[in-house]
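> This is the structure alone, sequence omitted:
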């Protein structure tokens, strides 16, 4: 029994003793994975809900409507949106996990508080798809690759990508957050692709944005609470 306990203690001792870039890499890797099943569920569910709500009326959802109207091939469009989202949000989640390991907990909590509150305000601002982004030409790419390329580029710097960075830094769970944000994107975009304008016009977009804003602001307030030592 004592041997088993000492065997478990030795790796922990080595991790504590490690220092320098190697130790930082160990810490960064630990932030890619979940700490327990409750953390996984929390990260996944909040990420899914926050991004699904934020995506309603977002420019990438508008792009999905444009793609669906132009090509009328829902399956390759949906697969293209999925591939583009996975690639984009995997990068965003990795950056968030890295920042969560790099920055001290106190500074991170305040940075997250500001980020989430700003995100809540940003969600309330109506989004537009400019003419350059809406000008999707398939060329020789085919519907799938045209969707991947245009959707990936449209998502760069978009609110849902920034939210993924912040959520990954907040929950220290790369896989749970990326899976959740990807599912949230698909929940918002698949109906838009399948039903087109009928879906978009029937959504209470303003009410959905208010709910999304309240969710992000609540996350910001919780981060302030944690930053002041309240949790």
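Structure's in. What do you need? What you see is a predicted model; the values in this text were computed from it and never measured. Numbers count the residues shown, from 1 in each chain.
> Point to the residue nearest the middle of this protein.
In the chain, the C-alpha nearest the mean C-alpha coordinate belongs to residue 164, at 2.5 Å (C-alpha atoms, centre = their mean).
> Please tell me I have it right and it contacts residue 87.
No: the pair formed by residue 164 and residue 87 falls short of the contact definition of C-beta atoms under 8 Å, at 11.9 Å. For the C-beta atoms, the positions are set from N, CA and C on the backbone; glycine is no exception.
> Return the residues in contact with the residue nearest to the centre of the chain.
Residues counted as contacts of residue 164 (C-beta atoms under 8 Å, 6 or more residues apart in numbering) are 47, 51, 89, 92-93, 96, 177-178, 181.
> which stretches of the chain form helices?
Under the criterion DSSP state H, the chain contains helices at 2-17, 21-30, 37-55, 59-71, 74-102, 105-123, 131-134, 142-155, 159-171, 174-195, 197-202, 205-227.
> Now do the fifth one against helix 159-171, angle only.
What it means is helix 74-102. With axes from the mean of the first three to the mean of the last three C-alpha atoms, to 10 degrees applied, the angle from helix 74-102 to helix 159-171 works out at 40 degrees.
> in helix 74-102, what's buried?
Neighbour-count burial for helix 74-102, counted by 16 or more other C-beta atoms under 10 Å, picks out 74, 76-78, 80-86, 88-94, 96-101.
> burial of residue 72, as a residue count?
Burial measure for residue 72: 10 neighbouring residues, criterion other C-beta atoms under 10 Å.
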